[in-house]
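**Student:** What would the 3D arrangement of this be:
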Amino acid sequence: MQLSTQTAALLNELDALSRHKLTYRDDLGLLLELAAHHRDSELLDSLSFLAKFVFRTYGILQRIGKDTEGYSNLEREFRENLEKGKSLLRSLLQAAPSDVRGHFETTYLRMQPRALEKLLALYYDLSWYKNWLIDNRRTRE
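**Tutor:** As a prediction, this is how the structure comes out:
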């Protein structure tokens, strides 16, 4: 799937914003392109919001440990929002070519530990898109 000039420019901006720390830059570009091409920016915005929440929550869970008060509630929220994010990702991918859908399904959405690691890394990348949205809304107001 070819990226438009606008998507490539946005992806370059996100890469610079992240200080070139995007893990799955090309796949992030595909998601940006799908949202732009099918006018699903609201879906991508919602996905990026959940992605940022899930990624940050995962970090908190790793840091505080299972014996900490409130861990089980936070873990429940993490799991619920992880699944909501997967659902939004699948919705965004519905309009994608079958090879792109297959790639995302096998790389990020399978029920395997490695796929979860990759999904969290993709969510990290999506969190940069969320940061970009916040910064750009502020400058337009």
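**Student:** mind listing the helices for this protein?
**Tutor:** Assignment of helices within the chain using DSSP state H yields the ranges 5-17, 25-37, 41-64, 71-93, 98-104, 113-140.
**Student:** just these: most buried one?
**Tutor:** Greatest average neighbour count among the helices of the chain goes to helix 25-37 (a mean of 20), per mean count of other Cβ atoms under 10 Å. C-beta coordinates here come from the backbone N, C-alpha and C atoms, glycine included.
**Student:** list the helices and strands that helix packs on?
**Tutor:** helix 5-17, helix 41-64, helix 71-93, helix 98-104, helix 113-140 (3 or more Cβ pairs under 8 Å, 6 or more residues apart in numbering; DSSP states H and E).
**Student:** Tabulate the ones you listed (TSV), appending distance to Asp27 and mean pLDDT.
**Tutor:** Output for these, formatted as TSV (distance: least, Cβ to Cβ, whole Å; pLDDT from 0 to 100):
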stretch	distance to Asp27	mean pLDDT
helix 5-17	11	97
helix 41-64	12	96
helix 71-93	10	97
helix 98-104	7	97
helix 113-140	6	90
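**Student:** what about those, which gets the closest to Leu28?
**Tutor:** Among the helices and strands packed on helix 25-37, the nearest to Leu28 by Cβ to Cβ is helix 113-140 (4.5 Å).
**Student:** Between helix 25-37 and that closest one, find me the angle.
**Tutor:** Compare the direction of helix 113-140 with that of helix 25-37 by axes from the mean of the first three to the mean of the last three Cα atoms, to 10 degrees and you get 50 degrees.
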